[in-house]
Structures are given as C-alpha cells and as structure tokens.
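>>> how does the following fold in three dimensions:
(4 chains)
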2 protein chains.
Amino acid sequence: MGQDLPVTSFALLGLFTFGDDDGPRSLTGYELKQVADATLRFYWVSPAMSQVYKELSRLAERGLVSPSDDERGTTYSITSAGRSALETWMRESEPGFSVLKHPIALRLLLGHLVDPSTTLAMLRNHLEALDREREALVEVRESLRGADAPRQTFRHPSLVADWGLEYFAHERLIIDDLIRRIDQDE
Amino acid sequence: MGQDLPVTSFALLGLFTFGDDDGPRSLTGYELKQVADATLRFYWVSPAMSQVYKELSRLAERGLVSPSDDERGTTYSITSAGRSALETWMRESEPGFSVLKHPIALRLLLGHLVDPSTTLAMLRNHLEALDREREALVEVRESLRGADAPRQTFRHPSLVADWGLEYFAHERLIIDDLIRRIDQDE
DNA sequence: TGTAGCATGTAAGCCGTTACATGATTGA
DNA sequence: TCAATCATGTAACGGCTTACATGCTACA
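Model prediction:
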C-alpha cells in the first residue's frame, strides 16, 4: 500500500517528527501552519490555512496522523503508520529536481522592454526583500541553537537553514553585481 | 483595460519580443515550447505542451498575439497591443518574492528519518543532476554570444544566464560542504 | 518500414489559492 | 469594548499536469 500523496503532504507530515523532549509533538492545524511558515516556506511552500486543514483531514483519513481533543483544540500527532510511510517515501521515491519561480529573474530577462532605471529600481527593491527574508531565516536559525549538534533533534533543520542563509548571501552578491553591470551599460 | 493574466502568460508573451535580425519572431506552439524549455525553465517554469497551446489561444483571443498560417503550421507573433500590455505589466505590477521548491532541501530537513548513507547518496545524485542542468545552461549561454553586449538583443538574457550559472556553481559548493559535514557527523 | 521529431489539440483531475464565514479568548 | 490572535472550516475557481488522440514528414 504505497502512499501516493503530493510532496506537500509528506512535508507537513514530516513536521510532526520533530519532538521536543517528550516524544513527537502534537499540533493543531493553526500551529502546524506556523511551523510551516517558519521552515518549509524557504524551500518548499507556505500552504494556505485552508490547505493545511484539508491535508490534515486527508492524512487522518489514511491513518498517518491521529486527531485528539485537547484544550488547544483538535491536535494531531503522527502515527506509527505515518512514520513508516514517511520513511518509505524518503527511501524509495525520486526527489526530482528543484523548481525555482523567480519573478525578478524573469523580469530581468525582459529588461529590454523598460527603462534601465526601472530594472535598477526593481533590483534594489529585491535587495531589500532579500534582507527581510534573510532576517527571518536568521531568527529561525538562532532558535535551533542548543539542539543543532550531530545527532541532536535539530541537526538537519540547522543544516538546511545554513544552506538557506548562504543562498541569500550569495544572491545578494549576484544582485549587487547585476546592478553594477546595468549601471555601467548606460 | 488592465490585463489580468497569470505570470506565465506574460513570460510566454515575452519570448516573442526577442527578434533576430528582421523584427520580432513568429513561432509555432511547438517552437515556443522549445524556447521556453531552453530559457524559462531555469527560473520560471517549463509549461506542458497542452498549456502552451492553451496560452496561445488565450493570448490570441485578447489580441496580444496574432496567428497566421505558414508552411511550418500556425505561427504567432506579438501585436502592438501585446507589446504594450507587456510593458505595462513590467512597469506597474509587483514582482513578488521568489518561490523555491527544492525537494533535496526538504528531504535533508527530514534526514533524521533515514540512514546518513541515504542522505549522502541523495546529495551525491543531486550533484550530478546539478552538473547536467549546468551543462544545459552553459549551452544556452554560449548560444547568446555575439549578441550579448550592452544594448544588443540578448543582453538581458545573457545577464540572467550568468546569474543562473553562478547559482549552480554556488549550490555545488554548498552541497559539497553538506556532504563533508554529514560525513564527519558519523 | 518504422521510429523520431514536428505539430496540435481535448479531457479529466489534482493542487493550491482567495474569498468568505464563524466563533472563542486575550489583552489594551 | 475593540482589535488581534487562535481556531476551523466551506466554496469557487484558476493553473497546470498527465493521459490520450491524431496526423504529417524526414530519415535510417
């Protein structure tokens, strides 16, 4: 019974596997969305609230998470079937290549349609957006300190966060360089 | 009459603005797909054939491209309305931030669910995939030589391609480093 | 003669979004 | 008491994909 689910389902399911101290965590839909916004959004997606609830229903239907009532609302935890479905997915499915949707790159491609000053303004705005995103990721990274050593709970999340920080830093350099090159062209 | 179309429509429409020598190009749906695969795919999307034809119909309905018959089949060219819709879109709409869907990063996040050797194998495979993608982009970049100087037709496409090449090179370094770190953890 | 590439679509369906709706709790 | 946050959904719809179908041309 191979689980045929979109990657986003497994991504959300995976967020339940990061236990604090006392075992795997239980989360309400609302909380799950917070966690996804803090982590998944940088390299996967930030699903809409309605999508999160829909996913939780589907995962529950299949027995991969189990709901229980709690003073916080309806909380979900991963089941052992959920955990093994995740492990199977990790081991046996093809990751596929990454997909980037980069509106700035797209508009730079079409730069011949507008004034260079328009393109430059766009790139400068992008630098600011980049800094804001980077700041948000820095905070995520900081929050992992203390449990980010090899074999600790947040080892892998911290590796991914470091990757993301490098990505932002490097993109900053590239954009700076593009601004310089376009400035010179004039 | 603001054109309310998905970004992909403008992306495809934009591909018609790169004239060779004798004005803007005319393309069949099939050819448009080839161009998109060679360029858009690296930082936007590679739309399915069926999607390309659907977009062409919609763009034609709105008068942004005009079809004409040709020995190659039905070819389309951008109209002046199409061109000004593109320019307006470039100047007046918000780009928004980039969205990355990176299955490798996602699976690295969940590395605690599998053997380190599984993660290492995944990262090594990713290095090879990265090299293949890079090679494809190198060829695109090379094909732009000769028209990539400031103010020439392929100036902006070549800036974007250079950006992409740097991106791939840097990701390679990051993955190498991750492999080293995970190796050491054991 | 058969396979690969060129050329053009239709149909079904999933993923995910926005808009809308509701209600409890907490703190300014 | 009013706004923000927590909490949970439904409905409608758009974007894009896969699967399917068709036919022509060039070439090995």
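
>>> so what's whichever residue of chain A sits closest to DNA strand D up against?
Closest approach between chain A and DNA strand D, counting by CB to the nearest atom of the strand: residue A:73, at 2.7 Å. In this view, the C-beta of every residue, glycine as well, is placed from N, C-alpha and C. Neighbour list for residue A:73: A:28, A:29, A:30 [criterion: CB atoms under 8 Å, 6 or more residues apart in numbering or on different chains].

>>> do that again at 6 Å, thanks
Applying CB atoms under 6 Å, 6 or more residues apart in numbering or on different chains to residue A:73 gives the contacts residue A:28.

>>> which strand residues bridge it?
residue A:70 (DSSP bridges).

>>> next one: the one 4 residues further on
Beta-bridge pairing of residue A:77 under DSSP bridges involves residue A:66.

>>> and it, how far from residue B:62?
50 Å (CB to CB, to the nearest Å).

>>> in three-state terms, label residue A:3 for me.
coil (DSSP: H, G, I helix; E, B strand; the rest coil).

>>> please report phi then psi for the nearest residue to residue A:18 once chain neighbours are set aside.
Using CB to CB, 6 or more residues apart in numbering or on different chains and skipping residues adjacent in sequence, the residue nearest residue A:18 is residue A:153, 6.1 Å away. Backbone torsions of residue A:153, given as degrees, to the nearest 10, read phi -50, psi -40.

>>> mind listing the helices for chain A?
Residue ranges of the helices in chain A, as given by DSSP state H, are A:7-15, A:29-38, A:49-61, A:80-92, A:103-109, A:116-143, A:155-185.

>>> if we can go back for a sec, now do the residue of chain A closest to DNA strand D against residue A:56, distance only.
Counting by CB to CB - residue A:73 and residue A:56 are separated by 12 Å.

>>> okay, now the domains of chain A?
A:7-92, A:103-185 (automatic domain parsing).

>>> could you report the neighbour count for the residue nearest to residue A:18?
Applying other CB atoms under 10 Å in any protein chain shown, we find 18 residues neighbouring residue A:153.

>>> what of the one 4 residues further on?
Here the neighbour count serves as a burial measure; for residue A:157 (other CB under 10 Å) it reads 23.

>>> on the pLDDT front, check it for me.
If you check residue A:157, the pLDDT there is 97.

>>> which residues touch it?
So residue A:157 contacts A:144, B:109 (CB under 6 Å, 6+ apart).

>>> what sits closest to the residue nearest the centre of chain A if chain neighbours are left out?
Central residue of chain A (CA atoms, centre = their mean): residue A:40, 1.8 Å from the mean position. If the residues on either side of it in the chain are set aside, residue A:40 comes closest to residue A:11, at 5.6 Å by CB to CB, 6+ apart.

>>> dump the residue contacts of that neighbour.
A:40, A:44, B:106.

>>> what of residue A:185?
Residue A:185 touches residue B:150, counting by CB under 6 Å, 6+ apart.

>>> can you check residue A:112 too?
Contacts of residue A:112 by CB under 6 Å, 6+ apart are residue B:156.

>>> go with 8 Å
Contacts of residue A:112 by CB under 8 Å, 6+ apart are B:17, B:153, B:155, B:156.

>>> format these as CSV; extra columns: distance to residue A:134.
Listed next are the contacts of residue A:112 as CSV, based on distance: CB to CB, whole Å:
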residue, distance to residue A:134
B:17, 33
B:153, 35
B:155, 29
B:156, 26
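
>>> what subset of those residues is buried?
Buried residues within the contacts of residue A:112, counting neighbours by 16 or more other CB atoms under 10 Å in any protein chain shown: B:17, B:153, B:155, B:156.

>>> check contacts around the residue lying closest to residue A:114 once chain neighbours are set aside.
Excluding the flanking residues, the one nearest residue A:114 by CB to CB, 6+ apart is residue B:90, at 5.0 Å. Residue B:90 makes contacts with A:107, A:110, A:113, A:114, A:118, as judged by CB under 8 Å, 6+ apart.

>>> how about those, which pair is most distant?
A:110 and A:118 (10.7 Å; CB to CB).

>>> have a look at the two and say which one is more surrounded.
residue A:110 (23 against 15).

>>> which sections of chain A are below the confidence cut-off?
A:1, A:20-22 (pLDDT under 70).

>>> can you pull the residues of it lying near DNA strand C?
A:5-9, A:45-51, A:54 (CB under 7 Å from any atom of the strand).

>>> filter those residues down to the ones close to chain B.
A:7, A:45 (CB under 8 Å from any CB of the partner chain).

>>> so residue A:77 makes contact with residue A:60?
No: the criterion here is CB atoms under 8 Å, and residue A:77 misses it with residue A:60 at 10.6 Å.

>>> name the residues contacting each of the two.
Common neighbours of residue A:77 and residue A:60 (CB under 8 Å, 6+ apart) are residue A:66.

>>> how many neighbours does residue A:144 have?
Neighbour tally, residue A:144, other CB under 10 Å: 20.

>>> now do the contacts for it.
A:154, A:157, A:158, A:161.

>>> okay if I get these as JSON lines plus distance to residue A:144?
Below are the contacts of residue A:144 laid out as JSON lines (distance: CB to CB, whole Å):
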{"residue": "A:154", "distance to residue A:144": "4"}
{"residue": "A:157", "distance to residue A:144": "6"}
{"residue": "A:158", "distance to residue A:144": "5"}
{"residue": "A:161", "distance to residue A:144": "7"}
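
>>> show me what contacts residue A:179?
Counted by CB under 8 Å, 6+ apart, residue A:179 has contacts A:120, A:123, A:124.

>>> next one: it from residue B:183, what distance?
Where residue B:183 is concerned, residue A:179 sits at a distance of 38 Å (CB to CB).

>>> ok, residue A:56 next?
37 Å.

>>> neighbour count: these two, which is higher?
Comparing residue A:56 with residue B:183 by neighbour count (other CB under 10 Å), the higher total belongs to residue A:56, at 22 against 11.
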